[in-house]
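Novice: build me a model from this:
(2 chains)
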2 protein chains.
Amino acid sequence: MADIPARTELKVTTGPIRGSRKIYVEGRDGMRVALREIDLEPSSGEPPLRVYDCSGPYTDPDARIDIMAGLPELRRDWIRGRGDVEEVTQREVRPEDNGQLGPDRSGGVQPFPNVRRKVLRAKPGANVSQMHYARKGIITPEMEYVAIRENLGREQMRDHVRDGQDFGASIPDYVTPEFVRDEVARGRAIIPNNINHPESEPMAIGRNFLVKINANIGNSAVASDVASEVDKMVWAIRWGADTVMDLSTGRNIHDTREWILRNSPVPIGTVPIYQALEKVGGIAEDLTWEIFRDTLIEQAEQGVDYFTIHAGVRLPYVPMTAKRVTGIVSRGGSIMAKWCLAHHQESFLYTRFEEICEIMKAYDIAFSLGDGLRPGSIADANDEAQFAELATLGELTQVAWKHDVQVMIEGPGHVPMHKIKANMDKQLEACGEAPFYTLGPLTTDIAPGYDHITSAIGAAMIGWFGTAMLCYVTPKEHLGLPDRDDVKVGVVTYKLAAHAADLAKGHPAAKMRDDALSRARFEFRWRDQFNLSLDPDTAEQYHDQTLPAEGAKTAHFCSMCGPKFCSMKITQEVRDFAAKQNASADTFLAASPSLSPLAGESDSAQLSGERGRLDEVEAEKGMAEMSEKFREKGGEIYLPAAE
Amino acid sequence: MADIPARTELKVTTGPIRGSRKIYVEGRDGMRVALREIDLEPSSGEPPLRVYDCSGPYTDPDARIDIMAGLPELRRDWIRGRGDVEEVTQREVRPEDNGQLGPDRSGGVQPFPNVRRKVLRAKPGANVSQMHYARKGIITPEMEYVAIRENLGREQMRDHVRDGQDFGASIPDYVTPEFVRDEVARGRAIIPNNINHPESEPMAIGRNFLVKINANIGNSAVASDVASEVDKMVWAIRWGADTVMDLSTGRNIHDTREWILRNSPVPIGTVPIYQALEKVGGIAEDLTWEIFRDTLIEQAEQGVDYFTIHAGVRLPYVPMTAKRVTGIVSRGGSIMAKWCLAHHQESFLYTRFEEICEIMKAYDIAFSLGDGLRPGSIADANDEAQFAELATLGELTQVAWKHDVQVMIEGPGHVPMHKIKANMDKQLEACGEAPFYTLGPLTTDIAPGYDHITSAIGAAMIGWFGTAMLCYVTPKEHLGLPDRDDVKVGVVTYKLAAHAADLAKGHPAAKMRDDALSRARFEFRWRDQFNLSLDPDTAEQYHDQTLPAEGAKTAHFCSMCGPKFCSMKITQEVRDFAAKQNASADTFLAASPSLSPLAGESDSAQLSGERGRLDEVEAEKGMAEMSEKFREKGGEIYLPAAE
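Specialist: Just a heads-up that it's a prediction; the model follows:
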């Protein structure tokens, strides 16, 4: 981890992740798909391990990073090459876009220097969504990029025996571009990439792909500034955030977002109602469809890849929350609930939904249908309000699909373990397998300060059950705004939860990394163990706190137990001994008939019946011989503790 | 958290947990059962919340703590009052008990000044185990203590509707002493308390009680010292460790353990083979039954409450581990495997098991039957070796029960999510519902540095399925020895996992704390929110990083969003409005017939059909009226952002 300042006043972390190399796999027409490879020690005899990489050019030592200029436009030619977009002049930025309704005491934010005058939009009547292409049978470069990216080392695994429980998912042995197209066409996966965010590297969210994670960043009226938000974005993707949501509120929303989008290689999501509310001075009742629509256009032209829209918060559902312990905890949900009550009208997000679809398909923005009525406590989980809204989200999914607009569905929240599976099952049923995107869920309310963990439990479980993307929770949840360290802890925690889900689903490529790390652990390749981990810096730092010496990184024992008690060391000796004696499990057992477990006691062990055949004399002779040999050859391997 | 030094050179943390009071509930004959109460702000109108308390006298401001003298002997009279014990002279401490086979370069450990000359043992032919009393129909004071301790505020909850999935557990609405007796008699729960550890506060481990957690501490040959181990023990129980295992190896094992036992109000477990191995200079092959037996007596007389004994590592199972990715990862397991191979004989732990039972029942020590062949990687989970050993542990459980000796069974390890349930199911079946005590399990291998989290996922799940005690994992797992901070993170993480399990099982008292905290959160009672959490210090510290001002602790908005976006604030306004209008959910909906969701769309919502009856005119009139009233009364509640 090198904190190298970019050539600007905004500093971000660049350089490779420790022990890894950025690589590019070639696709058609010179396409270069970014991946990461971890080299292992020569003694391992293993090839480098390939892992998924969200970090963008920041981890490429050959990339020239200039935050003031933004990233190169990877997808520019793909987008323009389809001939269905036109250039239009960007909507003029107004003071209220940055929340400047009165005197600005915030100090302001420097506008991004490289703002585009011209932006793209679908030609009249055209639909530029990936779903639209997919349904027409077109395999886009974006789909091919996703296919290459998702495969990792899966080719090596073709003869792999699938081990997992997938609850009806359809994870292929090998991801082809056609498979990606088909998943997008069915609505089971989305590729969120606005045509005005050509800097983004295509990625898929769907339960038949690797489980993804999202990191939230953003200013609030109380704290934060643009430099730290750009830094957090780069930091979050370094550790594995697949998408980033900019949840800024307060001042400077427009300019902050521009900095983030122009420098982000991952899809960016927003909740447009937050900005719309700023435009009406924070008075929810004063929101109008026109102001909201104007905000959508503003953000669409900037390049936001998915919008959280709380169109399922309908007027008749609001009273269902009156008896809840924690009422409505979604910000967007509560804003719309208040609007509905004040006007006593149905939400304009619901009544204008088809008009919103028209905007989405002109830029290829995906819906993230917000769960404005998600439970905010264990007490409120799986209640009437939550599931009433989910049914509406299912209805709206069908409407969006009618327009070939990509959709994912947001989910809870706070849910005890025994109620998690019902959330997934109901979502799959109500929303026709549209990808589920959940916040946690937190499995208890009593651990503020540790809610990355209370929620990682629920996240791993619901990811296993079929959730496509997990929205991270940081240790600061419920308490404050996450700082840089919190962002990293949140991302790594969710990365491990997503990986645990992939493993349990039986994802063909997931277990390769666990096995590689476990082999490294067993063979005391400490450097490989650090480098194969999700966070090599922390792993090495923790190791060094007990055994800081450089020699300890090649020591053939663990820092926990010391040399005398290292079970892995002893096992290696046992194994070495077995190898020397050419004593395979069968011949070994054959020499020990009297020691086989009682029949019927361990059916799971499926012990061979062969062992009973040798007579007692032979058995005793065999035992004595093996004992002698072990003492002769193996006994010496065991070193006395170097106290 | 007050770091008050005790009146000695050994410093431990004393004083109440922030926001809590130590209380004592009276039982028979002046018994005082320690609990903790959290007082809530008067505005809440709620009584204090009672929580389980493992922290012993250290959190009682009236207690006189003297580490050099040890804790008072809470159980002295109960033990002696039964008339079945005799005083014997304690076995003389030998240099090898402290690993002093050669010159001591460690600096040594000061012997505990208050060592007992006389210790207790069952009279010849007597059995002093709680299981023995239970089976004779005797309700001991220990059982009564457990009953009072487990109930918490459960009396208030008698009309509570059970909400959970318990997988066949038999959790009562209210714990009576007779229920405790019955569970102990059946072997479904244990109360580990050696008659030579009268300082301990009785507690139960069983799946029909609250899920417990264990914290490991201990010297190793590489690092640690006695002062820091005593401090870690007190620190671990402060945050909720129900038992502590002293896993010391290397020098000074005996003296370290004496300091820990004399100052511990929770049961202490050990792995006696570690000390036995030190006595033979670390040469596994040189271990003998005599040396092991002598070590058991030594530790029994000191007061160890449960012994991990790897009697299930049988000779024929060892070769089953040869093809594993990580072989044998249990230290005790690998020591015994090596012994078995070297001698080519069955393990003396297995062949001498009944002799071990004789020792256990003379002091009331519980077995923790070690899973020496547990998987050390995802690749090795649920394999032949693991389940062969489990079957043997089941066989040994029956042997122990024949002697009325208490037993729990240790479990894995590293297990992907989809293989966790099988572990619980097989354990229940093989071991006749003896309590399961698992290490994690870790649900992926790829996150060293975060293994408290990879394992908390598995721990919460297996706790839900029926595991009675969860052995904590710290962030240093696989990397180094935990320091004080790691111990706290490990304990709090496991406390939240255990609580999530209790919630999911539908434990009657568990949800009271979640609900109290959620109400505090919703009502912006920040201090109550901190105090009700598992770690008030961290919660408040995180809050203060964003909004440090004292006023912010009573602010009616969250530090994350600022005043304008606080959804809870908006919900409160919605609720206030509803209350003012006397607009219950029914009347509210009655006014909005045209807004009810489409029939059949949300069967889960079970919306009333009544709403359709009012005609359009009435409806529009109702809506207009409510809108007007909201603007008049509710609109003003909403404050502009205080930027």
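Novice: just the pLDDT at the residue most central in space within chain A, thanks.
Specialist: With distances taken as CA atoms, centre = their mean, chain A has residue A:213 as the residue nearest its mean C-alpha position (1.9 Å). Here, the pLDDT recorded for residue A:213 equals 98.
Novice: likewise residue A:599?
Specialist: Confidence score, pLDDT, at residue A:599: 29.
Novice: hang on, the earlier thing: nearest residue to the residue nearest to the centre of chain A other than its sequence neighbours?
Specialist: residue A:494 (4.1 Å; CB to CB, 6 or more residues apart in numbering or on different chains). From N, CA and C alone the C-beta is placed, and that goes for glycine too.
Novice: which element, helix or strand, includes the residue lying closest to residue A:138 once chain neighbours are set aside?
Specialist: Nearest residue to residue A:138 in three dimensions, chain neighbours excluded: residue A:181, at 7.5 Å (CB to CB, 6+ apart). Assigned by DSSP states H and E, residue A:181 belongs to helix A:177-186.
Novice: so what's the residue nearest to residue A:398 when sequence neighbours are not counted up against?
Specialist: In space, and not counting its chain neighbours, residue A:398 is closest to residue A:432: 7.1 Å by CB to CB, 6+ apart. If you count contacts by CB atoms under 8 Å, 6 or more residues apart in numbering or on different chains, residue A:432 has them with A:187, A:394, A:397-398, A:401.
Novice: thinking again about what came up before, and the helix or strand where the residue nearest to the centre of chain A lies, what's buried?
Specialist: For residue A:213, the host element (DSSP H and E) is strand A:212-217. Applying a neighbour-count criterion of 16 or more other CB atoms under 10 Å in any protein chain shown, one finds A:212-217 buried in strand A:212-217.
Novice: can you tell me which of those comes closest to residue A:241?
Specialist: Distance to residue A:241 across these (CB to CB) is lowest for residue A:215, with 3.8 Å.
Novice: just checking, that closest one touches residue A:238?
Specialist: No - with contact defined as CB atoms under 8 Å, residue A:215 does not count as touching residue A:238 (10.6 Å).
Novice: coming back round to it: neighbours around the residue nearest to residue A:138, how many?
Specialist: Around residue A:181 sit 25 other residues, with neighbours defined as other CB atoms under 10 Å in any protein chain shown.
Novice: that one contacts residue A:136, doesn't it?
Specialist: No - between residue A:181 and residue A:136 there is no contact under CB under 8 Å: 9.7 Å.
Novice: and the residue of the stretch 201-350 of chain A found nearest chain B, what pLDDT?
Specialist: As assessed by CB to the nearest CB, chain B sits closest to residue A:327 within the stretch 201-350 of chain A, at 3.1 Å. If you check residue A:327, the pLDDT there is 92.
Novice: helix or strand for it, which one?
Specialist: Residue A:327 belongs to no helix or strand, assigned by DSSP H and E.
Novice: neighbours around the residue nearest to it when sequence neighbours are not counted, how many?
Specialist: Excluding the flanking residues, the one nearest residue A:327 by CB to CB, 6+ apart is residue B:571, at 3.1 Å. Residue B:571 is flanked by 25 other residues according to other CB under 10 Å.
Novice: please identify which helix or strand holds residue B:571.
Specialist: Using DSSP H and E, the element containing residue B:571 is helix B:567-580.
Novice: next one: residue A:281
Specialist: Per DSSP H and E: nothing holds residue A:281, as it lies in no helix or strand.
Novice: now do it, the pLDDT please.
Specialist: So residue A:281 comes in at 91 (pLDDT).
Novice: and residue A:602, by the same measure?
Specialist: Looking at residue A:602, its pLDDT stands at 31.
Novice: just the helices in the stretch 101-250 of chain A please.
Specialist: A:130-135, A:141-151, A:177-186, A:226-238 (DSSP state H, counting those that start in this stretch).
Novice: could those go into TSV alongside mean pLDDT?
Specialist: Formatted as TSV, the helices of the stretch 101-250 of chain A follow (pLDDT from 0 to 100):
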stretch	mean pLDDT
helix A:130-135	98
helix A:141-151	96
helix A:177-186	98
helix A:226-238	93
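Novice: residue A:395 is in contact with residue A:350, correct?
Specialist: No - if you go by CB under 8 Å, residue A:350 and residue A:395 don't touch, sitting 9.5 Å apart.
Novice: so which residues of the stretch 351-500 of chain A form helices?
Specialist: With DSSP H, counting those that start in this stretch as the criterion, the stretch 351-500 of chain A has helices at A:353-363, A:384-402, A:420-430, A:451-465, A:484-505.
Novice: which one of those is the most hemmed in?
Specialist: helix A:451-465 (a mean of 30; mean count of other CB atoms under 10 Å in any protein chain shown).
Novice: now do that one: which elements does it pack against?
Specialist: Counting contacts by 3 or more CB pairs under 8 Å, 6 or more residues apart in numbering or on different chains; DSSP states H and E, helix A:451-465 packs against helix A:420-430, strand A:436-439, strand A:469-471, helix A:484-505, helix B:451-465, helix B:484-505.
Novice: how about these, which one is nearest residue A:51?
Specialist: Taking the helices and strands packed on helix A:451-465 one by one with CB to CB, helix A:484-505 is closest: 10.2 Å.
Novice: immediately after the closest one, which helix or strand?
Specialist: helix A:510-522.
Novice: so which residues make contact with that next one?
Specialist: A:40, A:44, A:46, A:49, A:51, A:152-153, A:156-157, A:163, A:210, A:499, A:502-503, A:525-526, A:528-529, A:532-533, A:568, A:571-572, B:325-327, B:376-379, B:414, B:444-446, B:448, B:478.
Novice: just the buried residues out of these, in PyMOL syntax.
Specialist: Selection of buried members from these for PyMOL, criterion 16+ other CB under 10 Å:
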select buried, (chain A and resi 40+46+49+51+152+153+157+163+210+499+502+503+525+526+528+529+532+533+568+571+572) or (chain B and resi 325+326+327+376+377+378+379+414+444+445+446+448+478)
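Novice: which of the contacts of helix A:510-522 fall within strands?
Specialist: The members of the contacts of helix A:510-522 that map onto strands under DSSP state E are A:49, A:51.
Novice: any weak-confidence spans in the stretch 301-450 of chain A?
Specialist: Filtered on pLDDT under 70, the stretch 301-450 of chain A yields no residues whatsoever.
Novice: how about the strands of the stretch 1-150 of chain A, start to end?
Specialist: Here the stretch 1-150 of chain A has its strands, by DSSP state E, counting those that start in this stretch, at A:20-26, A:32-38, A:49-51, A:85-89, A:118-122.
Novice: would you turn these into CSV with mean pLDDT and distance to residue B:259?
Specialist: CSV is the format used below for these (pLDDT from 0 to 100; distance: least, CB to CB, whole Å):
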stretch, mean pLDDT, distance to residue B:259
strand A:20-26, 96, 46
strand A:32-38, 96, 45
strand A:49-51, 95, 46
strand A:85-89, 97, 75
strand A:118-122, 97, 71
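Novice: most tightly surrounded among these?
Specialist: strand A:49-51 (a mean of 21).
Novice: can you list the neighbours in contact with that strand?
Specialist: By CB under 8 Å, 6+ apart, strand A:49-51 touches A:20, A:23, A:35-38, A:40, A:152-153, A:512-513, A:516, A:532.
Novice: quick one: which of the residues you listed is nearest to chain B?
Specialist: residue A:513 (5.2 Å).
Novice: so what's the residue count around that closest one?
Specialist: Residues lying near residue A:513 (other CB under 10 Å) number 26.
Novice: and residue A:124, by the same measure?
Specialist: By other CB under 10 Å, 7 other residues sit near residue A:124.
Novice: ok, now how distant is it from chain B?
Specialist: According to CB to the nearest CB, to the nearest Å, residue A:124 stands 33 Å off from chain B.
Novice: repeat that for residue A:28.
Specialist: For residue A:28 relative to chain B (CB to the nearest CB), the value is 32 Å.
Novice: list the contacts for that residue?
Specialist: A:141, A:144.
Novice: go again using 10 Å as the cut-off
Specialist: Neighbouring residues of residue A:28 by CB atoms under 10 Å, 6 or more residues apart in numbering or on different chains: A:139, A:141, A:144-145, A:148, A:177.
Novice: appreciated, that's everything.
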